[in-house]
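> when you get a sec, could you give me coordinates for this:
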Amino acid sequence: MNIGIATDHRGVKQKQKLIKYLEKKGHTIYNYGTDSEDSVDYPDYAFKIGEKINEGEIEIGILICGTGVGMCIASNKVKNIRCAKVDNLLEAKLSRTHNNANVITLSSYMSLMRMKDILDVFLKTSFSGDERHVRRLTKIDDYLNEY
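The predicted model follows:
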């Protein structure tokens, strides 16, 4: 799977370790920054992941910032992006099966082991395609296209 990963200055250390972990699992990883612990603006990196999904370069995006909330808010402003801020395994699974999330946001305060476990679930889970979930996602898309 082609996966993009980006962080603000708070997620650099975890990102470097996650890239190695995911590459060992056979994924192709695209690093969209930042690679410095100097302060940066997280929206720039959230937008980049969304753009790369829309361009078809990657299928899934991973974002890491302090709480994960800022990146999630910014990411969801990009057309066709369904970003979930995930804190546990159930959220990882349901954000894929119910919401067809194509971007996941994690808090840099989370342990690396927990991040790996959550990403394993997120990446191996597919959208259910159930009518009720398709209907709900269509309502969201229709609303966005209307305004």
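> max-length helix in the protein?
Criterion DSSP state H: the longest helix present in the chain is helix 131-146.
> for that helix, give the mean pLDDT please.
What helix 131-146 shows for mean pLDDT is 92.
> what's in contact with it?
Outside helix 131-146, the residues within contact range by C-beta atoms under 8 Å, 6 or more residues apart in numbering are 79, 82, 97-100, 127. Every residue, glycine included, has its C-beta placed from N, CA and C.
> which of those are buried, as a PyMOL select command?
Buried subset of the contacts of helix 131-146, written as a PyMOL selection, criterion 16 or more other C-beta atoms under 10 Å:
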select buried, resi 82+97+98+99+100+127
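> would you list the contacts of helix 131-146 in JSON lines and tack on pLDDT and distance to I19?
Listed next are these as JSON lines, based on pLDDT from 0 to 100; distance: C-beta to C-beta, whole Å:
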{"residue": "K79", "pLDDT": "93", "distance to I19": "27"}
{"residue": "R82", "pLDDT": "97", "distance to I19": "23"}
{"residue": "T97", "pLDDT": "98", "distance to I19": "26"}
{"residue": "H98", "pLDDT": "98", "distance to I19": "28"}
{"residue": "N99", "pLDDT": "97", "distance to I19": "25"}
{"residue": "N100", "pLDDT": "98", "distance to I19": "25"}
{"residue": "F127", "pLDDT": "97", "distance to I19": "25"}
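> now, the most widely separated pair of the contacts of helix 131-146?
Farthest-apart pair in the contacts of helix 131-146 is K79 and T97; separation 22.7 Å (C-beta to C-beta).
> would you mind listing the buried residues in stretch 79-98?
Result for stretch 79-98 [16+ other C-beta under 10 Å]: buried residues 81-86, 91-98.
> cool, stretch 39-53 as well?
Buried residues in stretch 39-53 (16+ other C-beta under 10 Å): 40, 42-43, 45-53.
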